[in-house]
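J.: Structure for the following, please:
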Amino acid sequence: METPKKFTSKNEEFQFVNLDEVTAAQSGVAPKSLSFHEKAWHQLKHNHAAMVSLIFLLFIAVVSVASLFWMPHDPNAQNVSLSNLKPFTNGSYPLGTDGLGRDMFSRLLYGTRISLMIALFATLVDILIGVPYGLVSGWCGDRVDNILQRIIEIISSIPELVLIMLLLIILKPGMVSIILAIALSSWVLMARLVRASAMQIKSADFVLAAQAMGESPMQIAFRHILPNTMGVIITRTMFTIPAAIFLEALLSFIGIGVKAPNASLGTLLNTGEKGFQFYQYQLWEPVLVLSLMMIAFNLLGDGLRDAFDPNTRGEK
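T.: Residues are numbered from 1 along each chain as shown. Just a heads-up that it's a prediction; the model follows:
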């Protein structure tokens, strides 16, 4: 092959290059275009704290579901002759027993499952009420938005704990009452966040284009606006679940939540606190499980917030 000829002017030197080589070089370094959700997942994968938290929470969820089909012992079975066994002193009871001889490991499994079920059902109600409410308020605007926001202000003016305790007094204490009590007020913040996101998105070009093409308001709301608020919904959900778990633990701890002999993290804390002077492990075990779950949910929520918020990724 001939050596490329060089042409030199006073200030510049020119050289012929192979067009195929330039094209190949450019195609080799061209970055792959990623969708918004692919970018979010890529950002989340590089957040080590969030990924460790996700793995831990998945492990807790799998163990909780598995406890439906297998349990080392009946969590409510009493055996006074084996009461207050310390952890790791008996192979059949690795985490010890309580004052009535009930297996602490089985009760922790059962209690964690109950607390997660309450939080998940409460969060589901939160999504089913808060998301449509905020979507309608933000998308419709004007008079509809004013009316819906006044209703939220009335609900928000009542302290959450007072509202929950009043509802539990009216209803019989238990799982259903706690779920309703938590869901009654927790959806308000979800509705506000979705409303703010919908109001921002509805002025976007793709929404205006959908209107120009004759799509109905319902189609625009659910095909264009709702998918673009999923980041807000997912992030808020990751903070709603631990808040519901903690609130259930608080209500059960003070005696107006899940009732004995059923176990939840709150009832285990209540039982452990009574014998803390002599049997500290009965309190520390549920405290450790509850604390690790709270930390994991919050770290995962922070990671999801950073992943779904373009401003935190330095994007414009």
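
J.: Gly111 reaches Leu269, doesn't it?
T.: No. Using CB atoms under 8 Å, Gly111 is not in contact with Leu269, being 9.3 Å away. For the C-beta atoms, the positions are set from N, CA and C on the backbone; glycine is no exception.

J.: For the residue nearest the centre of the chain, give me its contacts.
T.: Of all residues in the chain, the one closest to the mean position by CA atoms, centre = their mean is Met238, 1.6 Å from it. Contact partners of Met238, counting by CB atoms under 8 Å, 6 or more residues apart in numbering, are 297, 300-301, 304.

J.: want to throw those residues into JSON lines with neighbour count, pLDDT and secondary structure?
T.: As requested, these are arranged in JSON lines below (neighbours: other CB atoms under 10 Å; pLDDT from 0 to 100; DSSP: H, G, I helix; E, B strand; the rest coil):
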{"residue": "Phe297", "neighbour count": "23", "pLDDT": "90", "secondary structure": "helix"}
{"residue": "Leu300", "neighbour count": "26", "pLDDT": "89", "secondary structure": "helix"}
{"residue": "Gly301", "neighbour count": "21", "pLDDT": "85", "secondary structure": "helix"}
{"residue": "Leu304", "neighbour count": "23", "pLDDT": "84", "secondary structure": "helix"}
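
J.: Could you give the number of residues near Leu184?
T.: Neighbourhood size, Leu184 [other CB atoms under 10 Å]: 20.

J.: gap between it and Ala66?
T.: Note on Leu184: its distance to Ala66, by CB to CB, to the nearest Å, is 32 Å.

J.: got it, and Leu269?
T.: Distance of Leu269 to Ala66, given as CB to CB: 24 Å.

J.: which residues of the stretch 51-200 of the chain fall in helices?
T.: Along the stretch 51-200 of the chain, the stretches classed as helices by DSSP state H, counting those that start in this stretch are 104-140, 142-156, 160-170, 175-201.

J.: wait, which of those helices is closest to Ala49?
T.: Closest to Ala49 of the helices of the stretch 51-200 of the chain, according to CB to CB: helix 104-140, at 21.2 Å.

J.: now that closest one, how far from the chain's geometric center?
T.: The chain centre lies 9 Å from the centre of helix 104-140; the measure is CA atoms, centre = their mean, to the nearest Å.

J.: May I see the buried residues of that helix?
T.: Using 16 or more other CB atoms under 10 Å as the test for burial, helix 104-140 gives 104-116, 118-123, 125-127, 129-140.

J.: Check stretch 254-264 too.
T.: So stretch 254-264, judged by 16+ other CB under 10 Å, has buried residues 256-258, 262-264.

J.: what's in contact with it?
T.: Applying CB under 8 Å, 6+ apart, the contact partners of stretch 254-264 are 75-76, 107-108, 110-111, 114-115, 118, 165, 168, 173-175, 178, 248-252, 266-267, 270.

J.: quick revisit: name the residues contacting each of Gly111 and Leu269.
T.: Pro286.

J.: Any regions of the stretch 201-316 of the chain where pLDDT drops low?
T.: Along the stretch 201-316 of the chain, segments meeting pLDDT under 70 span 309-316.

J.: Sketch out the helices for it, chain order is fine.
T.: With DSSP H, counting those that start in this stretch applied, the stretch 201-316 of the chain shows helices at 205-212, 217-220, 230-253, 265-274, 281-308, listed in chain order.

J.: helices or strands next to the second one in the packing?
T.: The reference is to helix 217-220. Counting contacts by 3 or more CB pairs under 8 Å, 6 or more residues apart in numbering; DSSP states H and E, helix 217-220 is packed against helix 104-140, helix 205-212.

J.: Quick one: distance of it to the chain centre.
T.: Helix 217-220 sits 28 Å away from the centroid of its parent chain (CA atoms, centre = their mean).

J.: ok, now the last one?
T.: Taking the mean of its C-alpha atoms, helix 281-308 sits 11 Å from the chain's own mean (CA atoms, centre = their mean).

J.: What are the buried residues along it?
T.: Buried-residue list, helix 281-308, by 16+ other CB under 10 Å: 281-283, 285-286, 289-290, 293-294, 296-308.

J.: ok and it relative to helix 104-140, angle-wise?
T.: 30 degrees (axes from the mean of the first three to the mean of the last three CA atoms, to 10 degrees).

J.: What of the fourth one?
T.: Here the directions of helix 265-274 and helix 104-140 differ by 140 degrees (the same axes, to 10 degrees).

J.: from the chain's centre, how far out does helix 265-274 sit?
T.: Remark: helix 265-274 is offset 25 Å from the chain centroid, using CA atoms, centre = their mean.

J.: ok and it relative to helix 230-253, angle-wise?
T.: With the same axes, to 10 degrees applied, the angle from helix 265-274 to helix 230-253 works out at 40 degrees.

J.: buried residues in helix 265-274?
T.: Neighbour counts over helix 265-274 (16+ other CB under 10 Å) mark 265-272 as buried.

J.: go on, the first one?
T.: Within helix 205-212, the residues that qualify as buried are 207, 210, counting by 16+ other CB under 10 Å.
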